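Participant: Task: produce atomic coordinates for the following.
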Amino acid sequence: MPSRKVPTVPRPRVFTVECTARALRREIVGHNFRAVGIALLALVVAVGLWLVLYGVCAWVLLFVIVGLLDLPHADLPHGFTILFIVAAACSVAYAWVDRRFTPNDLPQDDKAPGEIVSDFLLALPRITLSVWGTLRAALWLSPSERLGAAAFLHRLAVERRIPLHGTPLDFPDVAARLRILFALQMLEVIDLRRDEREFVIRLNSSRPQTLGLPR
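Facilitator: Below is the predicted model:
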């Protein structure tokens with residue numbers, strides 16, 4: 001009986017540290033393009049909604065003026081546009097302050113009536129603030145930082161887990177360490193988990209194969 005050949009799945013190619021650093025640069029560029037695209041979309045939506053709100057406020061104001069004064073037609077009061085812009089800026093500033101004091105955006109099961117009204121009134125200002133928040137998600141690593149991140153990922157692939165308190169050995173500079181770990185988390189390359197009594201870093205199971213890391 002002739003033997004059947006079992007098709008073999010080619011194993012993913014494992015890159016050198018330098019190749020992984022170049023692949024990491026491509027991942028960062030792709031991430032930044034997506035972040036800018038989402039920010040532009042949020043900006044277009046925010047501008048469109050502000051224009052709609054301006055039109056609604058102007059229509060309501062004209063309707064009230066015509067209804068109260070019984071005039072066949074009326075014009076917008078002088079300074080209405082400036083007042084609307086000032087009110088919009090104040091609402092965005094209040095939404096920013098509210099986010100600074102309540103950074104936890106997890107949904108709540110029960111909300112007070114005041115919180116529901118506040119969420120409704122601050123919906124558009126929060127959409128406006130999301131433009132800057134999305135742009136802040138853009139990643140910027142220098143060539144030396146990308147090379148250090150690639151070497152760290154190769155070591156992590158071999159050791160499987162690295163304690164968080166051990167990362168200063170790989171990245172002595174505090175600011176660079178924070179940028180690199182934040183970038184790797186945003187790209188879903190690493191995970192930060194609590195293991196027994198300490199936080200450890202592991203490779204994300206769904207990390208991009210383009211980085212050429214061993215599995």
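
Participant: Only C-alpha atoms, please: export the host helix or strand of Arg202 in PDB.
Facilitator: With secondary structure defined by DSSP states H and E, Arg202 is part of strand 198-203. The C-alpha trace of strand 198-203 is given here as PDB (Å, rounded to 0.1, in the frame of the first residue of the first chain):
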ATOM      1  CA  GLU A 198       5.700  40.000  41.000                       C
ATOM      2  CA  PHE A 199       4.900  41.400  37.600                       C
ATOM      3  CA  VAL A 200       6.400  39.500  34.700                       C
ATOM      4  CA  ILE A 201       6.700  40.200  31.000                       C
ATOM      5  CA  ARG A 202       5.800  37.500  28.500                       C
ATOM      6  CA  LEU A 203       5.500  37.400  24.700                       C
END
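
Participant: and the closest residue to Leu187 other than its chain neighbours, what helix or strand is that in?
Facilitator: The shortest distance from Leu187 to any residue other than its chain neighbours is 5.4 Å, reached at Glu27 (C-beta to C-beta, 6 or more residues apart in numbering). C-beta coordinates here come from the backbone N, C-alpha and C atoms, glycine included. Assigned by DSSP H and E, Glu27 falls within helix 17-69.

Participant: Could I get the buried residue list for the helix or strand that comes right after that helix?
Facilitator: Using DSSP H and E, the helix or strand that follows helix 17-69 in sequence is helix 80-101. If you call a residue buried by 16 or more other C-beta atoms under 10 Å, then helix 80-101 has these buried ones: 84, 88, 91-92, 95.

Participant: Stretch 161-179 now?
Facilitator: Residues of stretch 161-179 classed as buried: 162, 167, 170-171, 176-177, 179 (neighbour count, 16+ other C-beta under 10 Å).

Participant: Give me the residues contacting that stretch.
Facilitator: 140-141, 145, 148, 151-152, 155-156, 180-181, 192, 195, 198-202 (C-beta atoms under 8 Å, 6 or more residues apart in numbering).

Participant: now swap in stretch 181-198 and tell me
Facilitator: By C-beta under 8 Å, 6+ apart, the surrounding residues in contact with stretch 181-198 are 24, 27-28, 31, 137, 139, 141, 149, 153, 156, 161, 163-165, 167, 171, 199-204, 206-208, 211.

Participant: change it to 10 Å
Facilitator: Stretch 181-198 is contacted from outside by 24, 27-28, 30-31, 35, 137-141, 145-146, 149, 152-153, 156, 161-167, 170-171, 180, 199-208, 211, 213, using C-beta atoms under 10 Å, 6 or more residues apart in numbering.

Participant: Give me the mean pLDDT for that stretch.
Facilitator: This predicted structure assigns stretch 181-198 an average pLDDT of 87.

Participant: Distance from the chain centre to it, please.
Facilitator: Distance of stretch 181-198 from the chain centroid (C-alpha atoms, centre = their mean, to the nearest Å) equals 16 Å.

Participant: Show me what counts as buried in that stretch.
Facilitator: By neighbour count with 16+ other C-beta under 10 Å, stretch 181-198 contains the buried residues 181, 183-184, 187, 189-190.

Participant: Tell me which two of those sit farthest apart.
Facilitator: Spatial extent of those (C-beta to C-beta) is set by the pair Leu181 and Leu187 at 11.0 Å.
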